[in-house]
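Student: what follows is a predicted structure for the sequence shown.
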Amino acid sequence: MKNRAIPLVDLSKFTHGTPKQREAFVAELGQAFHEIGFVRVINHGISKQLIDDFYRSSRAFFALPVEVKRKYEVPGLAGQRGYTSFGKEHAKQSKVADLKEFFQIGQEVRNGNVPSEHYPPNVAVAEKPEFLRLGRELYENFEKSGGQLLRAIAIHLGLGEGYFEQHIDLGNSILRAIFYPPITEEPASAIRAEQHEDINLITLLVGASAGGLQVLTKDNEWLEVVPEQDEIVINVGDMLQRLTNNYLKSTTHRVVNPPRAEWHNPRLSIPFFLHPRSDMDLTCLPSCVTAEQPLTYPPITAGEYLNERLREIGLKK
């Protein structure tokens, strides 16, 4: 099954549309996040040139020798900044490492109104100085588009359009460049990324350099998702699912290995994990707790939940 089953929405109808177009966008996005947890977005406001430039720069970084890349691996940061070498991360239910390496760029706080321990400095790569610069520019673009999507979701949930703004302003979001190297021998049991759910509020993903992303449907079928050139794919993360007491769906997804004839092809993927500030209260919204849908989760903050999940996936000890 191909990705035409993933609904397509036009963000410009929310950001620049008539009241009727905005209302229709909110309904479409809300329905998609409730029923499937995934949506494809066009007219998202992120420059294709910037995306292409960051892809090029990411490829150049991952092509560096392993010993050079490892200079940018920072002990004690649970992979939250800089490089994480091949085979370190696994899905929470798995003990087998995914077939990937990655580099993470995070929030930069300049005005001192968020404790700096939440935001370690980003890691500049001496050999590729444009890598961090382009990554930070793309990060800020993703923040802006993600914020608009959350405004629409807040309206859908009856919270008021600005509900998420104070929580995501200087939030703990992450831009991750993921490189899946060519497969050179039969993997024992690993795939490029084992089935999992994302931790954050929403994830924004620009098209990967190769296929492999699959989403688990309500009918327990794997649906292949391949963003078209001008689309980004957005999915609900566990924090938003938790906040809405499972009304919005954090859908299981994975990245499968290509057919053997294509093992020589690497894969590069650029997701943006939109997180709130660590002090956001993820207690289920009272409006999402009903007799038919009783309270599912105990109270927790976003920071506590993130730490719990980083331990489960092997990045934090």
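Tutor: Here it is on my side, so go on.
Student: for stretch 126-143, buried residues please.
Tutor: Residues 128, 131-132, 134-136, 138-139, 141-143 are the ones in stretch 126-143 that count as buried (16 or more other Cβ atoms under 10 Å). For the C-beta atoms, the positions are set from N, CA and C on the backbone; glycine is no exception.
Student: could you pull out the helices for the stretch 1-150 of the chain?
Tutor: Residue ranges of the helices in the stretch 1-150 of the chain, as given by DSSP state H, counting those that start in this stretch, are 12-15, 19-35, 48-62, 66-69, 130-156.
Student: what about residue 253, distance to residue 214?
Tutor: 6 Å (Cβ to Cβ, to the nearest Å).
Student: for residue 260, find the nearest of the helices of the stretch 1-150 of the chain.
Tutor: helix 48-62 (22.6 Å; Cβ to Cβ).
Student: returning to that earlier point: tell me, what's touching residue 253 and residue 214 both at once?
Tutor: residue 225 (Cβ atoms under 8 Å, 6 or more residues apart in numbering).
Student: compare those two (neighbour count), which wins?
Tutor: The neighbour count for residue 253 versus residue 214, taken as other Cβ atoms under 10 Å, is higher for residue 253 (23 against 20).
Student: quick check, pLDDT for the more buried one.
Tutor: Residue 253 is assigned 90 on the pLDDT scale.
Student: what's the nearest residue to it if we skip its chain neighbours?
Tutor: In space, and not counting its chain neighbours, residue 253 is closest to residue 215: 4.8 Å by Cβ to Cβ, 6 or more residues apart in numbering.
Student: same check, this time on residue 277
Tutor: Per Cβ to Cβ, 6+ apart, closest to residue 277 is residue 171, 5.3 Å.
Student: could you check how far residue 121 is from residue 105?
Tutor: Using Cβ to Cβ, residue 121 is found at 11 Å from residue 105.
Student: so between the two, which is more surrounded?
Tutor: When neighbours are counted by other Cβ under 10 Å, residue 121 and residue 105 differ, and residue 105 comes out ahead with 24 against 12.
Student: show me where the stretch 51-200 of the chain has its strands.
Tutor: For the stretch 51-200 of the chain, the strands defined by DSSP state E, counting those that start in this stretch cover 82-84, 101-106, 174-180, 193-196.
Student: so, low pLDDT: which residues of the stretch 101-250 of the chain?
Tutor: Scanning the stretch 101-250 of the chain for pLDDT under 70 picks out 111-118, 188-193, 207-211.
Student: how close does the nearest residue to residue 163 once chain neighbours are set aside sit to residue 164?
Tutor: With sequence-adjacent residues excluded and distances taken as Cβ to Cβ, 6+ apart, residue 163 is closest to residue 154, at 3.9 Å. Separation of residue 154 from residue 164 (Cβ to Cβ): 6 Å.
Student: neighbour-wise, which of those two wins?
Tutor: More crowded of residue 154 and residue 164, by other Cβ under 10 Å: residue 164, with 26 against 17.
Student: need phi/psi at the more buried one.
Tutor: Phi and psi for residue 164, reported as degrees, to the nearest 10, are phi -80, psi -10.
Student: quick check, it in contact with residue 152.
Tutor: No. Applying Cβ atoms under 8 Å, one finds residue 164 not in contact with residue 152, separated by 10.3 Å.
Student: JSON lines for the strands of the stretch 51-200 of the chain, including distance to residue 228?
Tutor: Shown next, in JSON lines, are those (distance: least, Cβ to Cβ, whole Å):
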{"stretch": "strand 82-84", "distance to residue 228": "29"}
{"stretch": "strand 101-106", "distance to residue 228": "24"}
{"stretch": "strand 174-180", "distance to residue 228": "20"}
{"stretch": "strand 193-196", "distance to residue 228": "21"}
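Student: for residue 277, find the nearest of the ones you listed.
Tutor: Residue 277 lies closest, by Cβ to Cβ, to one member of the strands of the stretch 51-200 of the chain: strand 101-106, at 12.6 Å.
Student: the closest one - contacts with which helices or strands?
Tutor: Other elements packing on strand 101-106 under the criterion 3 or more Cβ pairs under 8 Å, 6 or more residues apart in numbering; DSSP states H and E are helix 48-62, strand 82-84, helix 130-156, strand 174-180.
Student: quick one: residues in contact with the second one.
Tutor: When contacts are defined by Cβ under 8 Å, 6+ apart, strand 82-84 is touched by residues 69-70, 72-74, 101-104, 122-123, 315.
Student: apply 7 Å and report the result again.
Tutor: With Cβ atoms under 7 Å, 6 or more residues apart in numbering as the test, strand 82-84 has contacts from 69-70, 72-74, 101-104, 123.
Student: out of these, which comes closest to residue 7?
Tutor: Nearest to residue 7 among the contacts of strand 82-84: residue 102, at 28.4 Å, using Cβ to Cβ.
Student: from what I can see residue 21 touches residue 13, true?
Tutor: Yes. In terms of Cβ atoms under 7 Å, residue 21 counts as a neighbour of residue 13; the distance is 4.2 Å.
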